[in-house]
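Chemist: take a look and give me a structure for this.
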Amino acid sequence: MKRLVLRLWALVRRVLAFFLNPRLLLCFGIAWMITNGWCYLFVILGAALGIPWMAAVGGTYAAFLWLPFTPEKLITVPISIFLLRLLFPHDKATLSVLEKEYHLARAAVSRMLVTRRARRTLRRMRRAIVVGCPGSGKSCFARRLQEISGLPLVYLDRLYWRADKTTVSHEEFDKALAGELAGERWIIDGNYLRTMERRLAAADTVFFLDYPTEVCLAGIAERQGKPRPDMPWVETEADEEFLSFVRAFPGESRPRILTLLKAYPKKQTVVFHTREEADAFLAAGEKNK
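Modeler: The predicted structure follows:
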């Protein structure tokens, strides 16, 4: 018991030594005055000198500060880091701890924003389309989205391809697609640019997996030889024509998709630039099921 108390006391002393560091207090105090303290000074001076506008501005900003996750709380730390680097460049220990706390705060705010966005998007979503370069993981994303939302999931590849690797005619495909679009609730996975505007017009939500080409090529290589619910056969290899299409996607297909999205600005549009962003969105959605 005595050893535990001593260890706790040593920890408390280290924490106090860090937060009561005169250099840190000086820099943090200056940063706090820049982002927060000035408003309290305005209130005091405005009241003392009889300047209504000064007291009103300070009071309004002071009330804003009590809201959770306001921007100035995050800005205060980088200003403190800047001042420490400027005034005390050799105090590496204090800087490293402060920078760590700043990154933790940024991550917490980022998680909060992703959670709020996921909750809002999924609450409003009734008809969604998932688009992106082949290999980006559209089908995997769509399946997890289906598990979270409970909406029926449609794979366009299943409508277009037969099990013998032949394709249906445009007329057959369009008829099957029209039947799916007539539903009140769905998730549709796939690009098929010829019919994308038709699906976009009917959808209320769009997910665009806008990943770098190398990520998509790696995804294509990784799925070879694995059964996929979105395809009626198992891919054993990717032909060169298909890989050329993927490499040309950023310069040819992607601009057309972006043009279509701009034509429908009122749609809920969520663009992911990394798999981590998409995974974070889905994870937030799973927590709020």
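
Chemist: which residues sit against stretch 233-248?
Modeler: 133-135, 161, 163, 165, 213, 216-217, 220-221, 223-228 (CB atoms under 8 Å, 6 or more residues apart in numbering). The way it works is simple: take the backbone N, C-alpha and C, and place the C-beta from them, glycine included.

Chemist: residues of that stretch that come out buried?
Modeler: Neighbour counts over stretch 233-248 (16 or more other CB atoms under 10 Å) mark A238, L243, V246 as buried.

Chemist: now tabulate those in TSV and tack on distance to R126.
Modeler: Formatted as TSV, these follow (distance: CB to CB, whole Å):
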residue	distance to R126
A238	35
L243	36
V246	31
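
Chemist: next up, phi/psi of W186, please.
Modeler: With angles defined as degrees, to the nearest 10, W186 sits at phi -170, psi 160.

Chemist: please verify my assumption that it contacts A142.
Modeler: No - applying CB atoms under 8 Å, one finds W186 not in contact with A142, separated by 10.5 Å.

Chemist: where do the contact lists of those two overlap?
Modeler: The contact sets of W186 and A142 overlap at L153 (CB under 8 Å, 6+ apart).

Chemist: could you list the low-pLDDT ranges of the stretch 1-150 of the chain?
Modeler: For the stretch 1-150 of the chain, the stretches with pLDDT under 70 are 1-2, 4-6, 10-20, 68-69, 98, 101-102.

Chemist: all helices for it, in order.
Modeler: Secondary structure of the stretch 1-150 of the chain (DSSP state H, counting those that start in this stretch): helices at 2-19, 22-32, 38-49, 52-65, 71-87, 92-124, 138-149.

Chemist: and G225, helix, strand or coil?
Modeler: Following DSSP: H, G, I helix; E, B strand; the rest coil, we place G225 in the coil state.

Chemist: from A238, how far off is it?
Modeler: Distance of G225 to A238, computed by CB to CB, to the nearest Å: 11 Å.

Chemist: again with A202
Modeler: With distances taken as CB to CB, A202 is found 31 Å from A238.

Chemist: and M112, by the same measure?
Modeler: 40 Å.

Chemist: which stretch of helix or strand covers A284?
Modeler: For A284, the element it lies in under DSSP states H and E is helix 275-287.

Chemist: related to what we said a few turns ago, pull out the buried residues from the contacts of stretch 233-248.
Modeler: Buried subset of the contacts of stretch 233-248 (neighbour count, 16+ other CB under 10 Å): C133, P134, G135, W161, T213, C216, L217, I220, R223.

Chemist: what sits against the second one?
Modeler: It stands for P134. By CB under 8 Å, 6+ apart, P134 lies in contact with N191, C216, I220, F242, F245, V246, F249.

Chemist: distance to I51 for these - can I get that in CSV?
Modeler: As requested, the contacts of P134 are arranged in CSV below (distance: CB to CB, whole Å):
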residue, distance to I51
N191, 62
C216, 61
I220, 67
F242, 71
F245, 67
V246, 65
F249, 61
